[in-house]
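>>> Model the following, please.
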Amino acid sequence: MQIRSFARLLCGFTLAAAAGTAHAAYRPPERTGDGWPVADAGKLGWNVDMLAGVEAKVADGTYKGITSVLVADHGRLVYEAYFNGGARDTLNDMRSATKTLTALLAGAAIERGLVPDVHAKVYPYFADRKPFLHADARKDAFTLEDLLTMSSLWECDDDNAYSSGNEERMYVTEDWLRFALDLPIKGFAPWMKKPADSPYGRAFSYCTAGAHVAGALVERATGRHLDAFSAEVLERPLGIARTQWNFAPEGIAMGGGGTRLATRDAAKIGQLLAAQGEWQGRTVIAKAWIAAMLTPHAQARDDAEYGYLLWRFHFERDGHDWAAWAMAGNGGNYVLVIPERQLVAVVTSTAYNQRYAHPQSKEIFREFVLKAMPARASP
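Presented below is the predicted three-dimensional model:
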């Protein structure tokens, strides 16, 4: 009898503990010295059980390779979790999310008068590299904006393994800049939309080589490598102390991918976009440039537009279309921003080259972040 009573008592404690854990699973992010304000999501109206529910899906293997999930609401961190060896001080390989940094640095160069404007011609910056293969007047007309919107006429398509400009072909050359500048003009098969027939007047083609050239142009204009220029105009103003940039074999910083950022620092980039170029009341990047980045300039896919090296995806909740701007990289690395809601979410992942990587990161945002978000904003 005593054994049975003790068992019932122990069971009661276990169930109570489990119930308590279900309610106590959520903890507000910790305030550190990195400049991020923090807040309790529950007090702001978030469904914290739903928000923290992603942790079970990562634990049971439903979501693979996820290393961190972070959410900021109106400039305050409200959720932060690390998995699979990820940690607050981990420098995540964000892959092509780097491209958005390149666009921000292009804007900083324009603001400082180092590049005249977004319509600056590309090839004159590399006149020392002449002669170029496949010389063409249309190549001479390429602008920085063509590179930022993935709509140049280079025969360059990372989604087509047969493309002359596919990034994998670039990586095995010793001079990535020349690889890009020497690309031929692309043709348009009967089933492909020409620029004049495309939304926004631009024919989109995802081209990492073009982003690399955009970064090289910024380097030429500023006289500094991208990492040094970024440290001055972007990272230090945001209180970002540690990053890691990649360099091409020819010594040019890689503006097309591979920059490593801590999760909280990646969220600062997202907050900069959400807050029209401001961080904690200080303008870091001009408001007009952020507005240009967050304007659709090309139709990337049937369900997505493209700004300046930024995707715009669409998520539905309660009949409302939430348009989220996204820094996106291989492996499912995302910084998602909904400016109208002042919402920033970061998902980092090591599921590189896995077909499920992007869908699962988007699902985390849709099923856990958006569904947990309060119906009304909490400024």
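>>> residue ranges with poor pLDDT in the stretch 251-379 of the chain?
Across the stretch 251-379 of the chain, the ranges flagged by pLDDT under 70 are 377-379.
>>> same question but for the stretch 101-250 of the chain, I mixed them up
Checking the stretch 101-250 of the chain against pLDDT under 70 turns up nothing.
>>> in the sheet, who's paired with the most centrally placed residue in the chain?
The centroid of the chain falls nearest to residue 327 when counting by Cα atoms, centre = their mean (1.7 Å). The partner list for residue 327 in beta bridges (DSSP bridges) reads residue 335.
>>> which other residues reach stretch 63-70?
29, 54, 57-58, 77, 79-86, 90, 92, 263-264, 267, 331-332, 345-351, 354, 356-357, 360-361, 363-364, 368 (Cβ atoms under 8 Å, 6 or more residues apart in numbering). Using the backbone N, CA and C atoms, a C-beta is placed for each residue, glycine as well.
>>> can you give me the helices in the stretch 51-200 of the chain?
54-59, 98-111, 137-140, 144-148, 167-171, 176-181 (DSSP state H, counting those that start in this stretch).
>>> I misspoke; the intended subject was the stretch 201-350 of the chain.
208-222, 226-230, 263-274, 287-293.
>>> of all the ones you listed, which lies closest to residue 148?
Evaluated with Cβ to Cβ, the helices of the stretch 201-350 of the chain place helix 208-222 nearest to residue 148, the distance being 6.2 Å.
>>> Can you tell me how far the nearest residue to residue 165 once chain neighbours are set aside is from residue 203?
Closest residue to residue 165 apart from its sequence neighbours, by Cβ to Cβ, 6 or more residues apart in numbering: residue 156 at 2.7 Å. Plainly put, residue 156 is 12 Å away from residue 203 if you go by Cβ to Cβ, to the nearest Å.
>>> Neighbour count: the two, which is higher?
Higher neighbour count among residue 156 and residue 203: residue 156, with 26 against 21, using other Cβ atoms under 10 Å.
>>> re the thing from before, hmm, the residue nearest to residue 165 is touching residue 183, no?
Yes: counting by Cβ atoms under 8 Å, residue 156 does reach residue 183; the two are 5.7 Å apart.
>>> Common neighbours of the two, please.
Counting by Cβ under 8 Å, 6+ apart, the residues touching both residue 156 and residue 183 are 164, 165, 209.
>>> Number of residues surrounding residue 129?
Residue 129 has 13 nearby residues by other Cβ under 10 Å.
>>> That one reaches residue 175, doesn't it?
No: with contacts counted by Cβ under 8 Å, residue 129 stays clear of residue 175, the gap being 9.1 Å.
>>> Let me see the contact set for the closest residue to residue 35 other than its chain neighbours.
If the residues on either side of it in the chain are set aside, residue 35 comes closest to residue 239, at 4.3 Å by Cβ to Cβ, 6+ apart. Listed by Cβ under 8 Å, 6+ apart, the contact set of residue 239 reads 34, 35, 268, 279.
>>> Who does the last one form a beta bridge with?
On the basis of DSSP bridges, residue 279 is bridged to residue 282.
>>> How much space separates it from residue 299?
For residue 279, the distance to residue 299 - Cβ to Cβ - is 31 Å.
>>> returning to that earlier point: ranking the contacts of residue 239 by neighbours, who comes first?
For the contacts of residue 239, neighbours tallied by other Cβ under 10 Å; top is residue 268, 26 neighbours.
>>> how many other residues sit next to residue 237?
17.
>>> All further residue positions should be reported with the first residue as 19.
Fine by me, first position is 19 from now on; the one you just mentioned is residue 255.
>>> I'd guessed it sits against residue 297; true?
Yes: counting by Cβ under 8 Å, residue 255 does reach residue 297; the two are 6.5 Å apart.
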